[in-house]
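Chemist: The following comprises the amino acid sequence and a computationally predicted model.
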Amino acid sequence: MSSGAAPRLAGPGAVVIGGDHQGLGIVRSLGRHGIPTCIIDDEPSIARFSRYATHAVGRQRLSGDDELVSALYQAHLRWDLQGWVVFPTRDETVGALARVRDRLVSRYRIPTPCFDVVATAWDKRLTYDLAVRLGLPIPRTWRLDSASELGGVDGPPPYAVKPAIKEHFMAATHDKAWRADSREELAVTVRRAAQIIPIEEVLVQEVVPGGGDHQFSYCALRWNGATVASMTVRRLRQHPPEFGRASTFVETIDSAEVAAAAETFLGAVGLNGLAEVEFKYDDRTGEYKLLDVNPRTWGYHTLGVASGVDFAYLLFRLATDQPVRLAAAVPGMRWVRLATDLPMAAMEMRRGRIRPRAYVASLRSADTESVFCRDDRVPALAELALLPYLALSRGI
């Protein structure tokens, strides 16, 4: 244990699957409470350099169900991790854990729900179907049976061509969606997408106008059918700017309308654990339109710590049968991830969409940064060294 870290507590710890900035936030959250952590990753990890990390192991592959089970079994045997809580940080890991949880629950505590519950968030077709049944607005969305059947797309451009299931599409393209500004471009883009994923998984969706000031999320920790902790945010900047894979500058806000819509959806799903529900505000209709649901920690979950809601620690306590108090984030707190926000801002400045002085002022207003931390500096140096790799492997 590093000098100055919290005394190690007796009892179970946590396994964090994925050691990027999101996993690092979990490790720090728990480590500051004296909870040991084990990081399992199939990519170069910055979390392993944290003073709060206890164990770390690298794997060649974690995306398959059997590979994930094997990694967890081996870690259990090596370090006696009986009863440790498993935290996934990626969509593919959430899906795999949901499918194999019955093979793991004799060794680990798995807050991830069963696949029947996870599937509603994992597959956007199911997400949007449920939203419509609940009366929640969504962007106009069209499904296709073949790449040539675009006659049913009766709305005007621009369009977003996106996958119903992100996993394989994003692994191949590093993109969340592609834009098409004409019918001709739509046909080309749909055919291109159908070369990567089955045509049945290709969705065509209207592009809701507006930038980061129109992007909102509701983050929640739910347990036994009730919300225990919550945070509503405006995702002011993201990378890439239009169809962002990740938020880069986020602030907490008050929005009863966003919270109510998200609670309606999460309550209907019956989700236990952590979830982020994403919306975009449509000026044309005055509606918050549901875009995505992530049943796991999200990239900026450490904003919760700064605003009074330590989501990772609260989930750990619930998963280990300890009491928690209801918590809601205070508004006006800001989070930034410089590794992605700086290149995004440089791109937008060249396009005249961001003014340099306003951008610098926004950075000065940030309360917390995703990786840099005064009491745990080495992970930031590790990320700096890894930037070329991240740019090539993830398109950061």
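Modeler: The structure has been received and is ready for your questions.
Chemist: what residues are up against Trp84?
Modeler: Taking Cβ atoms under 8 Å, 6 or more residues apart in numbering, we find Trp84 in contact with 12-15, 38, 108-109. Just so you know, the C-beta spots here come from the backbone N, C-alpha and C atoms, and that holds for glycine as well.
Chemist: One more pass at 7 Å, please.
Modeler: When the contact criterion is Cβ atoms under 7 Å, 6 or more residues apart in numbering, the partners of Trp84 are 12-15, 108-109.
Chemist: How about Thr112?
Modeler: Counting by Cβ under 7 Å, 6+ apart, the residues that Thr112 touches are 88, 94, 97-98, 101, 118, 273.
Chemist: end to end, how far does stretch 12-19 reach?
Modeler: 20 Å (Cα to Cα, to the nearest Å).
Chemist: hey, which helix is longest across this structure?
Modeler: Identified as the longest helix of the chain according to DSSP state H is helix 378-394.
Chemist: from the contacts of Trp84, which would you call buried?
Modeler: In those, burial by neighbour count holds for 12-15, 108-109, counting by 16 or more other Cβ atoms under 10 Å.
Chemist: between these, which is closest to Gly210?
Modeler: Ala14 (37.7 Å; Cβ to Cβ).
Chemist: Return the set of residues that bridge with that closest one.
Modeler: Partner residues in beta bridges with Ala14, using DSSP bridges, are Thr37, Val85.
Chemist: how close does it sit to His33?
Modeler: From Ala14 across to His33, the span is 10 Å (Cβ to Cβ, to the nearest Å).
Chemist: What of Tyr313?
Modeler: 6 Å.
Chemist: export the contacts of Trp84 to CSV and tack on distance to Gly151 and pLDDT?
Modeler: As requested, those are exported to CSV (distance: Cβ to Cβ, whole Å; pLDDT from 0 to 100):
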residue, distance to Gly151, pLDDT
Pro12, 56, 95
Gly13, 56, 98
Ala14, 51, 98
Val15, 49, 98
Tyr108, 50, 98
Arg109, 50, 98
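Chemist: Just the contacts of Thr112: which are in helices?
Modeler: 94, 97-98, 101, 118.
Chemist: And these, which two are furthest apart?
Modeler: Val94 and Arg101 (10.7 Å).
Chemist: In terms of neighbours, single out the busier of those two.
Modeler: Val94 (25 against 18; other Cβ atoms under 10 Å).
Chemist: residue contacts, the more buried one?
Modeler: Applying Cβ under 7 Å, 6+ apart, the residues near Val94 are 88, 112, 118, 295-296.
Chemist: List the buried residues for the worst-scoring helix or strand of the chain on mean pLDDT?
Modeler: Counting by mean pLDDT, DSSP states H and E, the chain has its least confident helix or strand at helix 378-394, which shows a mean of 83. For helix 378-394, the neighbour count (16+ other Cβ under 10 Å) marks 379-380, 382-383, 386, 390 as buried.
Chemist: ok, those vs Val204, which is closest?
Modeler: Leu390 (30.5 Å).
Chemist: Outside of stretch 216-229 itself, list whatever touches it.
Modeler: 230-235, 255, 258-259, 262-263, 266, 271-279, 281, 288, 298, 304, 309, 311, 314-315, 318, 324, 326-327.
Chemist: Out of these, list just those in strands.
Modeler: 230-235, 273-279, 281, 288, 327 (DSSP state E).
Chemist: of all those residues, which comes closest to Gly19?
Modeler: Of the ones in strands among the contacts of stretch 216-229, the one sitting nearest to Gly19 (Cβ to Cβ) turns out to be Leu274, at 17.9 Å.
Chemist: what's the span of stretch 95-112, first residue to last?
Modeler: 9 Å.
Chemist: circling back: more neighbours: Tyr313 and His33, which one.
Modeler: The residue with more neighbours, out of Tyr313 and His33, is Tyr313; 20 against 15, by other Cβ under 10 Å.
Chemist: Before we move on, what's the pLDDT of that one?
Modeler: At Tyr313, the pLDDT value in this model is 98.
Chemist: For it, give its distance to Arg334.
Modeler: Distance from Tyr313 to Arg334, by Cβ to Cβ: 21 Å.
Chemist: What segments of this structure are helices?
Modeler: Using DSSP H, helices in the chain cover 21-31, 65-79, 91-104, 115-122, 124-134, 166-173, 183-194, 256-269, 302-306, 311-319, 338-350, 356-364, 378-394.
Chemist: possible to save those helices as JSON lines with distance to Pro241?
Modeler: Formatted as JSON lines, the helices of the chain follow (distance: least, Cβ to Cβ, whole Å):
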{"stretch": "helix 21-31", "distance to Pro241": "19"}
{"stretch": "helix 65-79", "distance to Pro241": "33"}
{"stretch": "helix 91-104", "distance to Pro241": "22"}
{"stretch": "helix 115-122", "distance to Pro241": "25"}
{"stretch": "helix 124-134", "distance to Pro241": "21"}
{"stretch": "helix 166-173", "distance to Pro241": "17"}
{"stretch": "helix 183-194", "distance to Pro241": "19"}
{"stretch": "helix 256-269", "distance to Pro241": "21"}
{"stretch": "helix 302-306", "distance to Pro241": "20"}
{"stretch": "helix 311-319", "distance to Pro241": "27"}
{"stretch": "helix 338-350", "distance to Pro241": "6"}
{"stretch": "helix 356-364", "distance to Pro241": "13"}
{"stretch": "helix 378-394", "distance to Pro241": "16"}
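Chemist: I'd like to know which of those helices is closest to Glu242.
Modeler: helix 338-350 (10.7 Å).
Chemist: And stretch 240-248, end to end?
Modeler: First-to-last distance for stretch 240-248 - Cα to Cα - comes to 9 Å.
Chemist: and that stretch, which residues are buried?
Modeler: 240-241, 244-248.
Chemist: List the ones among the residues you listed that fall in strands.
Modeler: Counting by DSSP E, the buried residues of stretch 240-248 contribute 246-248 to strands.
Chemist: Tabulate those residues in CSV, adding columns for pLDDT.
Modeler: Shown next, in CSV, are those (pLDDT from 0 to 100):
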residue, pLDDT
Ala246, 89
Ser247, 94
Thr248, 96
